[in-house]
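Chemist: let's see this in three dimensions:
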Amino acid sequence: MANTEHSSKQYDLELESVRARVLMMGELVKIQVQRAVDALIKGDVRMMDTIIADDHRVNALEVDIDESCTQIIARRQPTAVDLRMVIMVIKTITDLERIGDEAKKIAISAKRISQNGNLTMPRFKKIKHVSNLTLDMLHKSLDAFANMDTSSVVEVLRQDEQVDEEFRMIMRYLVTFMIEDPRTISSALQILLAAKALERIGDHAKNMSEYVVYMVKGRDVRHITADEIEQEVRQ
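Modeler: Numbering: from 1, shown residues only. Below you'll find the predicted structure:
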């Protein structure tokens, strides 16, 4: 009996350690995204280089957590809720690693813009607005993961629709700008790539919130509408 109790406590500690490291990884990628956007706006080349160089930290966390999940599955053979949790973690860290990649892409675009010289256009206000939306989505998705709470999931889905629309507006704006002044094409394309990276970050944050619904409700909601997900969450 004592051995069983000890084993159970150790298992709980292993699961909690994995959850804690996912949140650590989430905080790291949030910082990477925020710094990447700040570097773009401020033209801070040193910060751009730091973000690009630090991407390996996100990758290392993904490998470490994935290995822990593999060990839990092999040794503990989790079932039901615990198995869903491990699956959710594996999916979540994949999205977090990709968010880290997108932050790196923003930093690379920012560096190329700085090498091209400043582009005179009111671009950063639009980029900043999209980044605020995506960072808020990421924050809510991580909170949902931490608390196993689906209450903010629908809001994240609605925000993703906003981010998609904002990206389309930025794209139309930049195309018009490039047509009017072909000298801006090179830098404008880099801004478009940065905006696309933010749009993808929003997609990954949305995925993460949907995994929480899977964990709490036991249903995969990745391919149903926001209205259907809202009904599922309210049940």
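
Chemist: tally of neighbours for the closest residue to residue 25 other than its chain neighbours?
Modeler: Distances taken as CB to CB, 6 or more residues apart in numbering put residue 61 closest to residue 25, at 4.3 Å, once the chain neighbours are dropped. (Each C-beta comes from the backbone N, C-alpha and C, glycine too.) Using other CB atoms under 10 Å, residue 61 is surrounded by 21 other residues.

Chemist: cool, residue 217 as well?
Modeler: 15.

Chemist: over to the one 10 residues further on?
Modeler: Residues near residue 227, counting by other CB under 10 Å, number 10.

Chemist: for this structure, what spans make up the helices?
Modeler: Secondary structure of the chain (DSSP state H): helices at 2-42, 45-76, 80-116, 124-147, 153-180, 185-217, 226-234.

Chemist: who touches residue 96 in this structure?
Modeler: Contact partners of residue 96, counting by CB atoms under 8 Å, 6 or more residues apart in numbering, are 22, 25, 26, 29, 58, 62, 204, 208.

Chemist: same check on residue 227?
Modeler: Contacts for residue 227 (CB under 8 Å, 6+ apart) come out as none.

Chemist: state the distance from it to residue 71.
Modeler: Between residue 227 and residue 71 the computed distance is 40 Å (CB to CB, to the nearest Å).

Chemist: returning to that earlier point: tell me which of the helices of the chain is the most buried.
Modeler: Most buried of those by mean neighbour count (mean count of other CB atoms under 10 Å) is helix 185-217; its value is a mean of 22.

Chemist: residue 140: what's it in contact with?
Modeler: 152, 155, 156, 205, 209.

Chemist: oops, could you answer that again for residue 102 instead?
Modeler: Contacts of residue 102 (CB under 8 Å, 6+ apart): 33, 197, 198, 200, 201, 204.

Chemist: now the residues you listed as CSV including pLDDT?
Modeler: Listed next are these as CSV, based on pLDDT from 0 to 100:
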residue, pLDDT
33, 97
197, 98
198, 98
200, 98
201, 98
204, 98
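
Chemist: got the phi and psi for residue 149?
Modeler: Here is the backbone geometry of residue 149 (degrees, to the nearest 10): phi -120, psi 120.

Chemist: relative to residue 156, how far out is it?
Modeler: Distance from residue 149 to residue 156, by CB to CB: 12 Å.

Chemist: these two touch, right, the residue nearest to residue 25 and residue 28?
Modeler: Yes - counting by CB atoms under 8 Å, residue 61 touches residue 28, with 6.9 Å between them.
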